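[1] got a predicted structure plus its sequence, pasted below:
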Amino acid sequence: MAASGRLALGTLPRSSWVRGSGPAVLSRLRDAALVRPGFLSTAEEETLSRELEPELRRRRYEYDHWDAAIHGFRETEKSRWSEASRAILQRVQAAAFSPGQTLLSSVHVLDLEPRGYIKPHVDSIKFCGATIAGLSLLSPSVMRLVHTQEPGEWLELLLEPGSLYILRGSARYDFSHEILRDEESFFGGRRVPRGRRISVICRSLPEGMGPGEPGQPPPAC
Ligand SMILES: O=C(O)CCC(=O)C(=O)O
Ligand SMILES: [Fe+2]
Ligand SMILES: [Mn+2]
């Protein structure tokens, strides 16, 4: 049963979802890089994918931008949501953001095809604030964080469908993040085969920028 399966997830240790180069980085990022497996019920996953599918299907997958961080993707910035999806996004906001943080008014929806992947990057500090929170749908994937100054320091997050990840503070500013391509998609010794993955990403505005001010962020963050 899906419901009992989801409950059981809560009893598994953090090491089932988060691996790292060592205990120091694991402990330092304990509150900065989080995964909440089973954050979405299967009904909520279906609500989101049903709503997103028609909008995504109108777009083409993009490839081969030599300087682009993301390959094999299509995306949209969505600001109008059904009531059911708004309730889900409110749960994300409550789980990931503090009451003082303002969110970008549109939510970033990214559809990676099975061969699609995201190269290491740090989200623009000009357009995105301290917190990034993402829901994963359809396919599991592995997100790797690598310290931008100390490449030996890394963390890997196993992102199952229905999970929520949160990157904030040091994990967001001092570490790059990437989504591994299918050939490299392992969580420790465990192969994590990549299929099509949709992510729904909420971000805070840079501190001191109001939601209605000029200089709204461009789609790519
Ligand atoms: O798909 C994700 O969860 C992350 C996407 C990402 O890193 C980005 O758009 O900057
Ligand atoms: Fe990113
Ligand atoms: Mn982006």
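    Right, received. Where do you want to start? Residues are numbered from 1 along each chain as shown. Ligands and ions are numbered 1, 2, ... in the order given.
[2] what segments of the chain are helices?
    Here the chain has its helices, by DSSP state H, at 2-9, 23-28, 42-57, 83-96, 170-173.
[3] tell me the angle of the longest one relative to helix 83-96?
    An angle of 110 degrees separates the directions of helix 42-57 and helix 83-96 when computed by axes from the mean of the first three to the mean of the last three Cα atoms, to 10 degrees.
[4] helices or strands up against helix 42-57?
    strand 70-78, helix 83-96, strand 107-121, strand 131-137, strand 197-203 (3 or more Cβ pairs under 8 Å, 6 or more residues apart in numbering; DSSP states H and E). Glycine gets a C-beta too; all of them are placed from N, C-alpha and C.
[5] of all these, which one comes closest to ligand 3?
    strand 107-121 (6.0 Å; Cβ to the ion).
[6] pLDDT on that closest one, on average?
    Mean per-residue pLDDT for strand 107-121: 97.
[7] and it, which residues are buried?
    Val107, His108, Val109, Leu110, Asp111, Leu112, Glu113, Gly116, Tyr117, Ile118 (16 or more other Cβ atoms under 10 Å).
[8] so Arg91 versus Leu103, what's the distance?
    13 Å (Cβ to Cβ, to the nearest Å).
[9] what's near enough to touch whichever residue of the chain sits closest to ligand 1?
    Here the chain gets closest to ligand 1 at one residue, Ser199, 3.4 Å apart by Cβ to the nearest ligand atom. Counting by Cβ atoms under 8 Å, 6 or more residues apart in numbering, Ser199 touches His108, Val109, Leu110, Leu112, Gly134, Leu135, Ser136, Leu137.
[10] who does the fourth one bridge with?
    The partner list for Leu112 in beta bridges (DSSP bridges) reads Phe73, Arg197.
[11] is it in contact with Leu137, as I believe?
    No: using Cβ atoms under 8 Å, Leu112 is not in contact with Leu137, being 10.6 Å away.
[12] give me the residue ranges of this structure where confidence is low.
    Where the chain drops to pLDDT under 70, the residues are 1-7, 10, 64-66, 210-221.
[13] repeat the analysis, applying 80 as the threshold.
    Residues of the chain that meet the criterion pLDDT under 80 lie in 1-10, 64-67, 208-221.
[14] what does it put close to ligand 1?
    His108, Leu110, Ile118, Asp123, Gly134, His177, Ile179, Ser199, Ile201, Cys221 (Cβ under 6 Å from any ligand atom).
[15] farthest pair within the residues you listed?
    Of all pairs drawn from the residues of the chain next to ligand 1, the greatest distance, 14.8 Å, lies between Ile179 and Cys221 (Cβ to Cβ).
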